[in-house]
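Peer 1: Would you be able to build a 3D model of this:
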Amino acid sequence: MRKSYLFASLLGVGLTLVPFTVLAQDAAAPAAQAAPVTPADEQPTAEQLAKLFEVMRVKDQLASVTKIMPAMMQQQFSAQAKQMQKDHPEMATMTPQQQEAMAKVTGKFVERAMNLYTSDEMVADMSALYQKHLSRSDVDGMIVFYSSPAGQHMLDMVPVIMKEFMPVVMQRVQSRAKPLSDEMEKEMREIAKPANPPAPKPAQN
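Peer 2: Numbering: from 1, shown residues only. Predicted coordinates for the structure are as follows:
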């Protein structure tokens, strides 16, 4: 399998997580090197954050991501398998039964990968970060916004936007990753060259 294709596939799958990360942290400023921590007496309560996540539909948004991601990953693995068959002709002789078995294995591991980090764990970790960097007044203001028609409409559009954006991310990353991976491979080959190349053998008479 070509390194450039693998590089693009892995990078593309990783970047599909970006849209939700950005949308789930709306109103957050660009991260500074040392972000300020909200004083303990100003940090939002657990009840406030529970209300905020309720009006933000955080669990619903996470569920939408977990529904989209397996299909995206399955698509990537299928494309990767086709490339492997091109690079390794011996794989093209697999019977339909073997191909079906491989597809089942891929699906099994995709499902297991998606359960490595549950939505409840994500919400708990997110709560800790919101509490660390947002104040009670911040959270109250966000609750007001997300409870408004504009806030609710934005949340309605999040799955739609993500569904349309993820394929764009995958396509652009894959199309632009090959020159990058080729350049990386070239530099790695230069590093791997023997420090003292073997002397040429003397010509035999």
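
Peer 1: Do a quick rundown of the helices in this protein.
Peer 2: Remark: helices assigned in the chain by DSSP state H are 3-15, 18-24, 46-56, 58-87, 96-114, 119-133, 136-147, 149-192.

Peer 1: So for residue 36, which of these sits nearest?
Peer 2: Taking CB to CB, helix 119-133 is the member of the helices of the chain nearest to residue 36, at 7.4 Å. The way it works is simple: take the backbone N, C-alpha and C, and place the C-beta from them, glycine included.

Peer 1: List the buried residues of the closest one.
Peer 2: Residues of helix 119-133 classed as buried by neighbour count (16 or more other CB atoms under 10 Å): 122, 123, 126, 127, 130, 131, 133.

Peer 1: State the distance from the third one to residue 175.
Peer 2: In this view, residue 126 and residue 175 are 33 Å apart by CB to CB, to the nearest Å.

Peer 1: picking up where we left off before, okay if I get the helices of the chain as a markdown table plus distance to residue 38 and mean pLDDT?
Peer 2: Output for these, formatted as a markdown table (distance: least, CB to CB, whole Å; pLDDT from 0 to 100):
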| stretch | distance to residue 38 | mean pLDDT |
| --- | --- | --- |
| helix 3-15 | 30 | 41 |
| helix 18-24 | 19 | 44 |
| helix 46-56 | 12 | 94 |
| helix 58-87 | 20 | 72 |
| helix 96-114 | 33 | 77 |
| helix 119-133 | 6 | 90 |
| helix 136-147 | 8 | 96 |
| helix 149-192 | 22 | 84 |
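
Peer 1: so can I have JSON lines of these showing distance to residue 40?
Peer 2: As requested, the helices of the chain are arranged in JSON lines below (distance: least, CB to CB, whole Å):
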{"stretch": "helix 3-15", "distance to residue 40": "35"}
{"stretch": "helix 18-24", "distance to residue 40": "24"}
{"stretch": "helix 46-56", "distance to residue 40": "14"}
{"stretch": "helix 58-87", "distance to residue 40": "24"}
{"stretch": "helix 96-114", "distance to residue 40": "36"}
{"stretch": "helix 119-133", "distance to residue 40": "10"}
{"stretch": "helix 136-147", "distance to residue 40": "11"}
{"stretch": "helix 149-192", "distance to residue 40": "28"}
